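Colleague: Sharing a model prediction with you, sequence too.
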Amino acid sequence: MTFSEAKDVLLATLLPLYERREAVQIAHMVLEHLTGLTRTDRLLYKNKLLSDEQLAKLQDYNVALAAGKPVQYVLGEAWFAGLHFIVNEHTLIPRPETEELIEWIKEVAHNGSISILEIGTGSGCIPITLKKMFPDWHIQAIDISEEAVAIARENARIQGTEIDFIQMDFLNEENWKTLPTFDIIVSNPPYIKVSEGLSMAKHVLDHEPHLALFVPDEDALIFYKKIAAFGQSHLNNPGLVFLEINQLMGDAVVDTFSAQQYAAEIKKDIHGNDRMAKAEYLFTTLLS
(Lines give C-alpha, C1' and ligand atoms only; values in the text may rest on other atoms or scores of the structure.)
Protein backbone atom coordinates (compact mmCIF):
# COMPACT_ATOMS: atom_id res chain seq x y z
CA MET A 1 0.00 0.00 0.00
CA THR A 2 1.37 3.42 -0.97
CA PHE A 3 1.29 6.55 1.17
CA SER A 4 -1.44 7.95 -1.07
CA GLU A 5 -3.55 4.79 -0.78
CA ALA A 6 -3.10 4.78 3.00
CA LYS A 7 -4.55 8.28 3.16
CA ASP A 8 -7.57 7.13 1.13
CA VAL A 9 -8.10 4.18 3.48
CA LEU A 10 -8.05 6.45 6.52
CA LEU A 11 -10.43 8.96 4.95
CA ALA A 12 -12.88 6.22 4.10
CA THR A 13 -13.00 5.41 7.82
CA LEU A 14 -13.00 9.00 9.10
CA LEU A 15 -15.40 10.84 6.77
CA PRO A 16 -18.54 9.16 8.19
CA LEU A 17 -17.44 10.26 11.68
CA TYR A 18 -16.00 13.77 11.21
CA GLU A 19 -16.37 16.82 9.01
CA ARG A 20 -14.07 16.59 6.00
CA ARG A 21 -11.56 19.16 7.23
CA GLU A 22 -11.12 17.39 10.57
CA ALA A 23 -11.02 13.97 8.90
CA VAL A 24 -8.20 15.11 6.61
CA GLN A 25 -6.29 16.57 9.56
CA ILE A 26 -6.61 13.31 11.51
CA ALA A 27 -5.45 11.28 8.51
CA HIS A 28 -2.34 13.42 8.18
CA MET A 29 -1.64 13.12 11.93
CA VAL A 30 -1.76 9.33 11.65
CA LEU A 31 0.45 9.20 8.57
CA GLU A 32 3.03 11.57 10.00
CA HIS A 33 3.18 9.49 13.17
CA LEU A 34 3.39 6.30 11.14
CA THR A 35 6.00 7.35 8.59
CA GLY A 36 7.93 10.09 10.38
CA LEU A 37 7.51 12.25 7.27
CA THR A 38 5.84 15.64 6.97
CA ARG A 39 2.81 16.22 4.77
CA THR A 40 5.01 17.80 2.08
CA ASP A 41 7.47 14.89 2.12
CA ARG A 42 4.64 12.36 1.87
CA LEU A 43 3.28 14.22 -1.14
CA LEU A 44 6.69 14.01 -2.82
CA TYR A 45 6.84 10.28 -2.08
CA LYS A 46 3.13 9.50 -2.42
CA ASN A 47 3.87 6.27 -4.31
CA LYS A 48 6.31 4.98 -1.70
CA LEU A 49 5.13 1.71 -0.13
CA LEU A 50 4.45 1.22 3.56
CA SER A 51 6.59 -1.44 5.21
CA ASP A 52 4.89 -4.56 6.59
CA GLU A 53 5.29 -3.16 10.10
CA GLN A 54 3.76 0.19 9.11
CA LEU A 55 0.90 -1.55 7.34
CA ALA A 56 0.09 -3.62 10.44
CA LYS A 57 0.07 -0.49 12.59
CA LEU A 58 -2.13 1.32 10.08
CA GLN A 59 -4.67 -1.47 10.27
CA ASP A 60 -4.69 -1.29 14.07
CA TYR A 61 -5.07 2.48 14.01
CA ASN A 62 -7.87 2.27 11.48
CA VAL A 63 -9.85 -0.18 13.61
CA ALA A 64 -9.51 2.06 16.67
CA LEU A 65 -10.49 5.18 14.70
CA ALA A 66 -13.51 3.39 13.25
CA ALA A 67 -14.64 2.68 16.82
CA GLY A 68 -14.60 6.43 17.50
CA LYS A 69 -11.43 6.51 19.57
CA PRO A 70 -9.83 9.99 19.43
CA VAL A 71 -6.70 10.06 17.30
CA GLN A 72 -4.62 11.36 20.23
CA TYR A 73 -5.44 8.23 22.23
CA VAL A 74 -4.91 6.01 19.19
CA LEU A 75 -1.41 7.41 18.72
CA GLY A 76 -0.75 7.97 22.44
CA GLU A 77 0.38 11.54 21.85
CA ALA A 78 -0.80 15.12 21.55
CA TRP A 79 0.79 18.48 20.81
CA PHE A 80 0.24 21.47 23.09
CA ALA A 81 1.91 24.89 22.84
CA GLY A 82 4.44 23.37 20.46
CA LEU A 83 5.37 20.59 22.90
CA HIS A 84 4.86 16.85 22.55
CA PHE A 85 2.89 15.08 25.30
CA ILE A 86 2.03 11.48 26.04
CA VAL A 87 -1.70 11.06 26.60
CA ASN A 88 -3.99 8.14 27.33
CA GLU A 89 -7.55 7.61 28.50
CA HIS A 90 -6.61 8.65 32.05
CA THR A 91 -5.81 12.18 30.83
CA LEU A 92 -7.82 14.78 28.99
CA ILE A 93 -6.66 15.63 25.48
CA PRO A 94 -4.98 19.08 25.67
CA ARG A 95 -7.00 21.73 23.86
CA PRO A 96 -6.16 25.05 22.18
CA GLU A 97 -8.35 27.00 24.63
CA THR A 98 -6.00 25.99 27.41
CA GLU A 99 -3.11 27.53 25.49
CA GLU A 100 -5.04 30.81 25.66
CA LEU A 101 -5.19 30.49 29.45
CA ILE A 102 -1.41 30.12 29.55
CA GLU A 103 -1.02 33.21 27.37
CA TRP A 104 -3.14 35.16 29.88
CA ILE A 105 -0.89 34.02 32.71
CA LYS A 106 2.15 35.16 30.71
CA GLU A 107 0.66 38.65 30.35
CA VAL A 108 0.68 39.29 34.10
CA ALA A 109 3.53 37.08 35.25
CA HIS A 110 7.29 37.42 35.18
CA ASN A 111 10.31 35.23 35.68
CA GLY A 112 11.83 34.86 39.10
CA SER A 113 10.87 33.19 42.34
CA ILE A 114 7.17 32.55 41.72
CA SER A 115 5.33 29.59 43.21
CA ILE A 116 2.50 27.94 41.28
CA LEU A 117 -0.07 25.27 42.08
CA GLU A 118 -2.07 23.57 39.36
CA ILE A 119 -5.20 21.72 40.45
CA GLY A 120 -6.18 18.80 38.21
CA THR A 121 -3.06 18.35 36.11
CA GLY A 122 -4.02 15.48 33.80
CA SER A 123 -1.20 15.09 31.27
CA GLY A 124 0.75 17.90 32.97
CA CYS A 125 0.53 20.13 29.90
CA ILE A 126 -0.12 23.35 31.85
CA PRO A 127 2.67 23.17 34.45
CA ILE A 128 5.19 21.72 32.00
CA THR A 129 4.52 24.47 29.45
CA LEU A 130 4.78 27.16 32.14
CA LYS A 131 8.02 25.65 33.44
CA LYS A 132 9.51 25.65 29.93
CA MET A 133 8.60 29.35 29.64
CA PHE A 134 9.67 30.31 33.16
CA PRO A 135 12.42 27.91 34.35
CA ASP A 136 12.83 29.68 37.70
CA TRP A 137 9.24 29.12 38.77
CA HIS A 138 8.57 26.53 41.45
CA ILE A 139 5.56 24.50 40.35
CA GLN A 140 3.49 21.87 42.12
CA ALA A 141 0.59 20.07 40.45
CA ILE A 142 -2.02 17.73 41.87
CA ASP A 143 -4.53 15.27 40.47
CA ILE A 144 -6.87 12.72 42.03
CA SER A 145 -5.91 10.13 39.41
CA GLU A 146 -2.78 8.13 40.18
CA GLU A 147 -2.59 7.09 36.52
CA ALA A 148 -2.74 10.70 35.34
CA VAL A 149 0.01 11.72 37.77
CA ALA A 150 2.21 8.94 36.39
CA ILE A 151 1.69 10.23 32.83
CA ALA A 152 2.38 13.83 33.92
CA ARG A 153 5.63 12.79 35.60
CA GLU A 154 6.75 10.98 32.46
CA ASN A 155 5.91 14.02 30.32
CA ALA A 156 7.91 16.25 32.67
CA ARG A 157 10.86 13.86 32.42
CA ILE A 158 10.71 13.86 28.62
CA GLN A 159 10.51 17.66 28.52
CA GLY A 160 13.35 18.06 31.02
CA THR A 161 11.26 19.98 33.55
CA GLU A 162 11.32 19.63 37.31
CA ILE A 163 7.79 19.74 38.73
CA ASP A 164 6.41 18.32 41.96
CA PHE A 165 3.44 16.14 40.98
CA ILE A 166 1.22 14.91 43.81
CA GLN A 167 -1.67 12.45 43.79
CA MET A 168 -4.37 14.12 45.91
CA ASP A 169 -8.12 14.50 46.20
CA PHE A 170 -8.42 18.29 46.22
CA LEU A 171 -12.06 18.26 47.27
CA ASN A 172 -11.03 16.73 50.61
CA GLU A 173 -10.11 19.84 52.59
CA GLU A 174 -8.03 17.80 55.04
CA ASN A 175 -5.46 17.43 52.25
CA TRP A 176 -4.99 21.19 52.03
CA LYS A 177 -2.93 21.14 55.22
CA THR A 178 -0.10 19.40 53.35
CA LEU A 179 0.26 22.23 50.80
CA PRO A 180 2.21 25.50 51.24
CA THR A 181 1.15 28.94 49.98
CA PHE A 182 1.40 30.03 46.35
CA ASP A 183 1.60 33.16 44.22
CA ILE A 184 -0.62 31.71 41.50
CA ILE A 185 -3.20 28.95 41.41
CA VAL A 186 -4.26 27.64 38.01
CA SER A 187 -6.86 25.04 37.17
CA ASN A 188 -8.87 23.57 34.34
CA PRO A 189 -11.24 21.69 36.64
CA PRO A 190 -14.21 19.48 35.78
CA TYR A 191 -17.03 21.84 34.85
CA ILE A 192 -19.42 20.06 32.49
CA LYS A 193 -22.79 19.24 34.01
CA VAL A 194 -23.76 15.59 33.77
CA SER A 195 -26.89 16.62 31.86
CA GLU A 196 -24.75 18.46 29.29
CA GLY A 197 -22.93 15.23 28.51
CA LEU A 198 -25.97 14.02 26.58
CA SER A 199 -25.19 16.48 23.79
CA MET A 200 -21.42 15.92 23.68
CA ALA A 201 -19.57 14.28 20.82
CA LYS A 202 -19.57 10.51 21.16
CA HIS A 203 -15.78 10.22 20.78
CA VAL A 204 -15.35 12.52 23.80
CA LEU A 205 -18.09 10.94 25.90
CA ASP A 206 -16.98 7.37 25.25
CA HIS A 207 -13.23 7.82 25.69
CA GLU A 208 -12.13 10.87 27.72
CA PRO A 209 -12.03 10.45 31.53
CA HIS A 210 -15.38 11.39 33.06
CA LEU A 211 -13.62 12.14 36.35
CA ALA A 212 -11.90 15.09 34.66
CA LEU A 213 -14.97 16.27 32.75
CA PHE A 214 -18.17 16.11 34.76
CA VAL A 215 -19.69 17.64 37.87
CA PRO A 216 -23.15 17.04 39.37
CA ASP A 217 -25.91 19.24 38.01
CA GLU A 218 -26.89 20.18 41.55
CA ASP A 219 -23.38 21.39 42.44
CA ALA A 220 -21.80 22.38 39.13
CA LEU A 221 -19.55 25.00 40.76
CA ILE A 222 -18.10 22.68 43.38
CA PHE A 223 -14.49 23.02 42.20
CA TYR A 224 -14.68 26.80 41.89
CA LYS A 225 -16.12 27.09 45.41
CA LYS A 226 -13.35 24.90 46.79
CA ILE A 227 -10.61 26.72 44.89
CA ALA A 228 -11.88 30.08 46.14
CA ALA A 229 -11.91 28.81 49.71
CA PHE A 230 -8.47 27.23 49.32
CA GLY A 231 -7.02 30.47 47.97
CA GLN A 232 -8.10 32.39 51.07
CA SER A 233 -5.60 30.41 53.14
CA HIS A 234 -3.08 29.37 50.48
CA LEU A 235 -2.46 32.47 48.34
CA ASN A 236 0.41 34.83 49.02
CA ASN A 237 -0.24 38.58 48.99
CA PRO A 238 -0.69 39.45 46.15
CA GLY A 239 -2.09 36.24 44.74
CA LEU A 240 -3.95 35.29 41.57
CA VAL A 241 -6.18 32.45 40.41
CA PHE A 242 -6.50 31.52 36.73
CA LEU A 243 -9.26 29.16 35.61
CA GLU A 244 -10.92 27.60 32.65
CA ILE A 245 -14.69 27.73 32.90
CA ASN A 246 -17.91 26.40 31.42
CA GLN A 247 -18.90 29.02 28.85
CA LEU A 248 -22.45 28.99 30.23
CA MET A 249 -21.41 29.72 33.81
CA GLY A 250 -19.15 32.78 33.55
CA ASP A 251 -21.34 35.04 35.68
CA ALA A 252 -21.83 32.29 38.25
CA VAL A 253 -18.07 31.79 38.56
CA VAL A 254 -17.52 35.53 39.05
CA ASP A 255 -20.26 35.60 41.70
CA THR A 256 -18.70 32.60 43.46
CA PHE A 257 -15.32 34.30 43.78
CA SER A 258 -16.76 37.72 44.56
CA ALA A 259 -18.66 36.21 47.48
CA GLN A 260 -15.34 35.00 48.90
CA GLN A 261 -13.48 38.34 48.75
CA TYR A 262 -12.03 38.14 45.24
CA ALA A 263 -12.04 40.59 42.35
CA ALA A 264 -12.87 38.38 39.37
CA GLU A 265 -13.11 38.89 35.63
CA ILE A 266 -13.95 36.79 32.60
CA LYS A 267 -12.04 36.56 29.33
CA LYS A 268 -13.41 35.21 26.07
CA ASP A 269 -11.57 32.71 23.90
CA ILE A 270 -10.87 33.15 20.19
CA HIS A 271 -14.34 31.81 19.42
CA GLY A 272 -16.01 34.52 21.50
CA ASN A 273 -17.04 32.20 24.34
CA ASP A 274 -16.61 32.94 28.04
CA ARG A 275 -13.77 30.48 28.67
CA MET A 276 -11.34 31.87 31.26
CA ALA A 277 -11.50 33.61 34.61
CA LYS A 278 -8.93 35.50 36.65
CA ALA A 279 -9.48 36.21 40.33
CA GLU A 280 -7.38 38.26 42.75
CA TYR A 281 -7.86 37.76 46.46
CA LEU A 282 -8.56 41.06 48.20
CA PHE A 283 -6.49 40.78 51.34
CA THR A 284 -7.16 44.41 52.26
CA THR A 285 -10.82 43.69 52.86
CA LEU A 286 -9.86 41.63 55.87
CA LEU A 287 -8.40 44.72 57.53
CA SER A 288 -11.42 46.96 57.06
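Modeller: Here it is on my side, so go on.

Colleague: Give me the distance between F230 and P238.
Modeller: The gap separating F230 from P238 is 16 Å, by CB to CB, to the nearest Å. The way it works is simple: take the backbone N, C-alpha and C, and place the C-beta from them, glycine included.

Colleague: Which of these two has more residues huddled nearby?
Modeller: F230 (21 against 11; other CB atoms under 10 Å).

Colleague: Settle this for me: the more buried one is touching N175, isn't it.
Modeller: No: in this structure, F230 is not within contact of N175 by CB atoms under 8 Å, at 10.0 Å.

Colleague: now the helices: where do they sit in the stretch 1-150 of the chain?
Modeller: Using DSSP state H, counting those that start in this stretch, the helices of the stretch 1-150 of the chain run over 3-14, 20-35, 39-44, 52-66, 71-75, 96-108, 125-133, 146-159.

Colleague: ah, wrong one, I meant the stretch 151-288 of the chain
Modeller: Going by DSSP H, counting those that start in this stretch, the stretch 151-288 of the chain shows helices at 202-207, 222-234, 250-258.

Colleague: Among those helices, which comes closest to L10?
Modeller: Among those, helix 202-207 comes nearest to L10, with 15.3 Å by CB to CB.

Colleague: average pLDDT for the closest one?
Modeller: For helix 202-207, the mean per-residue pLDDT is 62.

Colleague: contacting residues around the residue lying closest to P189 once chain neighbours are set aside?
Modeller: Nearest residue to P189 in three dimensions, chain neighbours excluded: F223, at 3.7 Å (CB to CB, 6 or more residues apart in numbering). Neighbour list for F223: 119-120, 170-171, 187, 189-191, 215 [criterion: CB atoms under 8 Å, 6 or more residues apart in numbering].

Colleague: from what I can see L130 touches H138, true?
Modeller: No: the pair L130 / H138 is not scored as a contact, 10.9 Å apart, by CB under 8 Å.

Colleague: and for these two, which residues touch both?
Modeller: Overlap of the contact sets of L130 and H138 (by CB under 8 Å, 6+ apart) consists of I116.

Colleague: more neighbours, the two?
Modeller: Ranked by neighbour count (other CB under 10 Å), L130 and H138 place L130 first, with 25 against 17.

Colleague: if I pick the more buried one, what's in contact with it?
Modeller: With CB under 8 Å, 6+ apart, L130 has these contacts: 102, 105, 116, 137, 139, 186.

Colleague: As a markdown table, those residues with neighbour count would be great.
Modeller: A markdown table is the format used below for the contacts of L130 (neighbours: other CB atoms under 10 Å):
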| residue | neighbour count |
| --- | --- |
| I102 | 18 |
| I105 | 20 |
| I116 | 23 |
| W137 | 20 |
| I139 | 26 |
| V186 | 27 |
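
Colleague: possible to save the residues you listed as JSON lines with pLDDT?
Modeller: Below are those laid out as JSON lines (pLDDT from 0 to 100):
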{"residue": "I102", "pLDDT": "96"}
{"residue": "I105", "pLDDT": "95"}
{"residue": "I116", "pLDDT": "97"}
{"residue": "W137", "pLDDT": "95"}
{"residue": "I139", "pLDDT": "97"}
{"residue": "V186", "pLDDT": "98"}
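
Colleague: which of the residues you listed lies closest to M1?
Modeller: Of all the contacts of L130, M1 sits closest to I102, with 40.1 Å by CB to CB.

Colleague: What number of residues are in the vicinity of the residue nearest to the closest one when sequence neighbours are not counted?
Modeller: Leaving aside its sequence neighbours, I102 sits nearest to T129 (CB to CB, 6+ apart; 5.7 Å). Here the number of neighbours of T129 (other CB under 10 Å) works out to 23.

Colleague: Next, work out how far apart T129 and S115 are.
Modeller: On the measure of CB to CB, T129 and S115 end up 17 Å apart.

Colleague: residues contacting L14?
Modeller: Counting by CB under 8 Å, 6+ apart, L14 has contacts 22-23, 26-27, 65.
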